[in-house]
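**Student:** how does the following fold in three dimensions:
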Amino acid sequence: MSKQAAREAERVARESYGRLVALLAWQWRDLAAAEDALSEAFAAALRTWPEQGLPASPEAWLMAAAKRRLLHEARHMRLTQDPTVTALFEDDTAAPAAEAVPDARLRLMFVCAHPALAENVRAPLMLQAVLGLDAQAIASAFLVSPTAMAQRLVRAKARIRELGLRFDPPEASELPGRLAAVLDAIYGAYTLGRQGADAPAGDLRDEAVFLARLVTALQPDQAEAWGLLALLLHVEARRAAQFDAAGRFVPLPRQDPTGWDKGLAIEAEQALWTAARLRQPGPFQLEAAIQSAHAQRRVTGHTPWAGIAQLYALLVAHHPSLGARVGQAVAQAEAGDPEAALATLDALPATAVQAYPAYWVARAHVLRLTGAAGHEAALQRAIGLTEDPRLREFLAAQPFSGPA
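**Tutor:** Next comes the predicted model:
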């Protein structure tokens with residue numbers, strides 16, 4: 001098999017999957033059928049491109065192949081006169097217009113946030129249907145097993161078919177009620193994108209920031225949309241400083257603030273102020289405020305850990321996610337109260353943290369600060385659960401003296 005053909009198929013899969021599946025699903029009114037057809041089109045590309053050469057427009061080739069598959073199925077089922085099927089007889093040769101990307105993706109994301117679907121599957125469904133992630137990657141973002149996530153997604157798609165959910169965008173009055181799930185999906189995509197350049201989702205961060213910007217443009221009166229944008233931009237501002245010239249991981253407390261992107265940090269602060277003026281408090285705004293506090297080190301030379309601990313306390317009081325509680329423990333320890341940090345970590349359910357590497361990193365750090373036993377065991381647990389080799393290398397380096 002031609003390596004060039006395989007690389008091209010992988011590139012198109014990364015860059016165009018969401019757009020293509022969204023357009024197909026919109027025409028076909030069946031998300032699962034669109035995904036199956038596109039998967040077969042990619043498989044056909046890997047078989048034929050090495051022999052016939054790369055087509056002039058790989059996207060158009062894949063779109064045409066997927067449509068042919070859908071039409072074949074329609075004829076087999078004797079449904080070719082159905083209005084939802086005849087739309088597929090449109091020109092198969094034209095590549096999807098680039099300017100349609102954000103609208104098609106966002107429309108499908110809001111469909112996936114339909115109130116008839118279970119809340120715990122809306123954001124994961126977007127990550128799979130719109131961004132092309134598999135159940136295993138999605139499961140890691142939502143701290144559940146891959147099997148459980150796969151079952152959720154299968155049930156959700158069956159529910160869509162069962163109810164015959166329309167693929168029309170919701171009314172303007174419905175958007176705020178569906179926005180939270182869309183924001184969760186965008187944040188999940190960014191989080192997965194931070195797993196590393198070699199990870200399957202390694203190029204999702206730019207896409208997530210793009211979608212966050214788009215949502216604020218479409219819903220400028222929703223504070224949480226601005227809060228998410230502020231959060232992502234603050235993290236993006238430090239992206240280049242996360243690894244040194246040799247590719248070694250550099251934790252936030254050890255990063256050189258002069259390497260942070262000042263322009264992105266300013267834009268993040270503007271987004272956070274926009275959110276604050278709307279007076280609609282929410283978790284993304286609190287998380288953005290925490291990142292804003294970290295950004296103060298560029299100006300003051302020190303990190304206001306006591307203030308960060310207070311922000312985490314407020315976040316946990318109203319939105320007690322596992323990540324927030326682990327972050328609270330780290331902030332408590334850095335603020336000079338490692339005993340309180342250890343109590344925070346001890347209070348977390350063992351079943352919830354057993355496969356969560358951030359918990360074990362935090363626990364190793366806190367145990368080391370308190371001088372309590374178990375530091376080395378927690379550190380080894382963290383190393384074993386960490387997938388990114390650069391993070392494993394950092395954790396394995398001795399002495400271990402700070403949170404990741």
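**Student:** for this protein, which segments are assigned as strands?
**Tutor:** Counting by DSSP state E, one finds no strands in the chain.
**Student:** find the residue at the geometric middle of it.
**Tutor:** With distances taken as CA atoms, centre = their mean, Ala189 lies nearest the centre of the chain, 1.3 Å away.
**Student:** quick one: residues contacting that one.
**Tutor:** Ala189 makes contact with 127, 131, 133, 201, 204, 207-208, 211 under the criterion CB atoms under 8 Å, 6 or more residues apart in numbering. Quick note: C-beta positions are derived from backbone N, CA and C, even for glycine.
**Student:** cutoff 7 Å now
**Tutor:** Residues counted as contacts of Ala189 (CB atoms under 7 Å, 6 or more residues apart in numbering) are 127, 131, 204, 207-208.
**Student:** which secondary structure element of this protein has the lowest mean pLDDT?
**Tutor:** Between all helices and strands in the chain, the lowest mean by mean pLDDT, DSSP states H and E belongs to helix 83-86, at a mean of 40.
**Student:** ok so, going back, quick one: the contacts of Ala189 as CSV, columns for distance to Ala347, neighbour count and pLDDT too.
**Tutor:** Converted to CSV, the contacts of Ala189 look like this (distance: CB to CB, whole Å; neighbours: other CB atoms under 10 Å; pLDDT from 0 to 100):
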residue, distance to Ala347, neighbour count, pLDDT
Leu127, 30, 29, 87
Leu131, 34, 26, 74
Leu204, 33, 26, 81
Glu207, 36, 21, 84
Ala208, 31, 24, 90
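**Student:** got these as JSON lines, with distance to Ala288 columns?
**Tutor:** Formatted as JSON lines, the entries for the contacts of Ala189 read as follows, by distance: CB to CB, whole Å:
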{"residue": "Leu127", "distance to Ala288": "21"}
{"residue": "Leu131", "distance to Ala288": "22"}
{"residue": "Leu204", "distance to Ala288": "19"}
{"residue": "Glu207", "distance to Ala288": "19"}
{"residue": "Ala208", "distance to Ala288": "14"}
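**Student:** of these, closest to Ala41?
**Tutor:** Distances from the contacts of Ala189 to Ala41 were compared by CB to CB; the smallest belongs to Leu131, at 17.6 Å.
**Student:** roughly how far apart are the closest one and Val330?
**Tutor:** 29 Å (CB to CB, to the nearest Å).
**Student:** cool, Thr303 as well?
**Tutor:** For Thr303, the distance to Val330 (CB to CB) stands at 11 Å.
**Student:** next one: Arg279
**Tutor:** In terms of CB to CB, Arg279 sits 30 Å off from Val330.
**Student:** if anything else comes up later, I'll come back, but that's it for now.
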